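In: got a predicted structure plus its sequence, pasted below:
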Amino acid sequence: VQLQAFGGGLVQAGDSLTLSCAASGRTSSIYTMGWFRQAPGKERELVAGISWGGSTTYYVDSVKGRFTISRNNAKNTVYLQMNSLKPEDTAVYYCAAGPTRGLQSGYEHWGHGTQVTVSS
C-alpha cells in the first residue's frame, strides 16, 4: 500500500485547510485510515482516525470541534478538514492506514508528510 498526501501549506490563524491522502496498491487490505502529526521537538501524535465505513471516528482532544476526518472508499482517499487553525497545529501531517479495527493503533502503512504551518 502506498499513501500520498496533498494539501499542506502556510495559512493564518483562523483559516481552514483540507488535507487529502490517496491510497494505491493493495487497498483491499485497508480498514482504518488516519492522520498523524509531528511538531518540531515533539512526538508524533494521532490526530484523527476513521473506520472503513466512516461510522466510527477518533479525534485527539485538541482538535475536537475543529477538524473533521472523512473518506471516500471509491477513490481510496481520506480527507482531513481543518477549521479554525491555530499556531499550535503547525506540524508535519502524515496519513496512515492499517488492516485492523482499532482507530488508535495498528497503522502499518505511512505516507510522506505534508507540512502545515499556521502563522499567528
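Out: Okay, I see it.
In: wait, what's in contact with the residue most central in space within the chain?
Out: The chain has residue 35 as the residue nearest its centroid, 2.2 Å off, counting by CA atoms, centre = their mean. By CB atoms under 8 Å, 6 or more residues apart in numbering, the residues touching residue 35 are 19, 21, 46-49, 69, 78, 80, 93-96. Every residue, glycine included, has its C-beta placed from N, CA and C.
In: most surrounded residue in those?
Out: In terms of neighbour count, residue 78 stands highest of the contacts of residue 35 at 30 neighbours, by other CB atoms under 10 Å.
In: contacting residues for it?
Out: Residues in contact with residue 78 (CB under 8 Å, 6+ apart) are 20-21, 23, 33-35, 50, 69-71, 95, 97.
In: returning to what we had before: beta partners of the residue nearest to the centre of the chain?
Out: On the basis of DSSP bridges, residue 35 is bridged to residue 48, residue 95.
In: measure it to residue 50 for me?
Out: Separation of residue 35 from residue 50 (CB to CB, to the nearest Å): 9 Å.
In: what is the burial count for residue 99?
Out: Count around residue 99 with other CB under 10 Å applied: 15.
In: no wait, residue 97
Out: Residue 97 has 25 neighbours, counted by other CB under 10 Å.
In: check residue 52 too.
Out: A total of 13 residues lie near residue 52 under the criterion other CB under 10 Å.
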